[in-house]
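Trainee: Compute the structure for the input listed below.
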Amino acid sequence: MSLPVVDVWANPTGIYIPETARLFAQSHADPELGNRRHTPAEVIAKMDEAGVSQILLAAWNRPGSVIFSNEQVAEYTRAYPTRIFGLVSVDLHDPVAAVKELDHYVRVEGFKGLRVVPWLWNLPPTDAHYWPLYVKCIELDVPFCTQIGHTGPLCPSEVGRPIPYIDEIALKFPALKIVGGHLGYPWIGEAVSVAWKHENVYIDTSAWSPKYYPPEFFTFANTTGRKKVMFGTNFPQLGWKACVDAVKELGTGTTKGLREDVVRDFMAGNARRVFKLPEPTFEGAASRL
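Mentor: Predicted coordinates for the structure are as follows:
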């Protein structure tokens, strides 16, 4: 299978987030990726090795500190502007500054969306701290990317429930494009039903190896959800090559795999449409070393 691949949930390498250290250990993540910051050219080389065309790379804020800034992400997007795209991270506790940061990095640096991980702030997406950001996302026509489902880190999972939280903000802000990452397990039925219900709600598969995607996901993707599902890895928790190879090995049918026409939308088409990504150019990584 030769087709474009877009990873909608990628993270910088060599960063330390206390809450996720256990998750990476439990996932047997490659320590070389976790312990060392990779240059833009090195990231592109790993993408090329795995057949990944484009990625959405997120900055990281946590309460009280910046782990990897939007400006640091911009160093990657400037180096490879048709292959690496930024997702803005903000200080959720300072909504005024957060809106300004989002506006700047979308308008000036071409970032493609906002990502907020609710468990990190212990604030569900219905909390008032998010609302100015939703209005700005609608104004800028960029998606709000968030985590749905339980938390691998030892933090409360309640804030990741698709119902009521994603359902309620989709009702309140129907023009807001919402991409729920990490599949929504163990509330996969809730995730699928909310994505089916709301025109602008989508699901990505980040943090899940394709061989462990639940049956409800396959049924949805192969039927009414063909235009609502996106490939993600949560790199470097999961490696690009292993995930792409695992998709290639999936069978066909509603309970064990994806139809061939669905795979193209899932692996790249839906992400390119929703995030408004340009066609990539494949300049050699060595030229940027």
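
Trainee: Could you give me the buried positions within stretch 74-83?
Mentor: Buried positions in stretch 74-83, judged by neighbour count with 16 or more other C-beta atoms under 10 Å: Ala74, Tyr76, Thr77, Ala79, Tyr80, Arg83. To be clear about C-beta, it is placed using only N, CA and C from the backbone, and glycine gets the same treatment.

Trainee: do stretch 2-19 as well
Mentor: Neighbour counts over stretch 2-19 (16+ other C-beta under 10 Å) mark 3-13, 15, 17 as buried.

Trainee: returning to that earlier point: nearest to Val52, of the buried residues of stretch 74-83?
Mentor: The closest of these to Val52 turns out to be Arg83 (C-beta to C-beta; 8.8 Å).

Trainee: do you know how far that closest one is from Ala10?
Mentor: Arg83 is 11 Å from Ala10, where distance means C-beta to C-beta, to the nearest Å.

Trainee: re earlier: go through the buried residues of stretch 74-83 and say which is closest to Ala221.
Mentor: Using C-beta to C-beta, Arg83 is the member of the buried residues of stretch 74-83 that lies nearest Ala221, at 25.2 Å.

Trainee: I'd assumed Met47 was in contact with that closest one.
Mentor: Yes: counting by C-beta atoms under 8 Å, Arg83 touches Met47, with 7.1 Å between them.

Trainee: Please enumerate the shared neighbours of those two.
Mentor: Ser53, Ile55 (C-beta atoms under 8 Å, 6 or more residues apart in numbering).

Trainee: And the helices in the stretch 51-200 of the chain?
Mentor: Assigned by DSSP state H, counting those that start in this stretch, the stretch 51-200 of the chain shows helices spanning 70-79, 95-107, 118-121, 131-140, 167-172, 188-197.

Trainee: who touches both of Arg83 and Ala10?
Mentor: Listed as contacting both Arg83 and Ala10 by C-beta under 8 Å, 6+ apart are Ile55.

Trainee: can you pull the pLDDT of the nearest residue to Ile17 once chain neighbours are set aside?
Mentor: Of all residues not flanking Ile17 in the chain, Ile67 sits nearest, at 5.6 Å (C-beta to C-beta, 6 or more residues apart in numbering). Here the pLDDT value assigned to Ile67 is 94.
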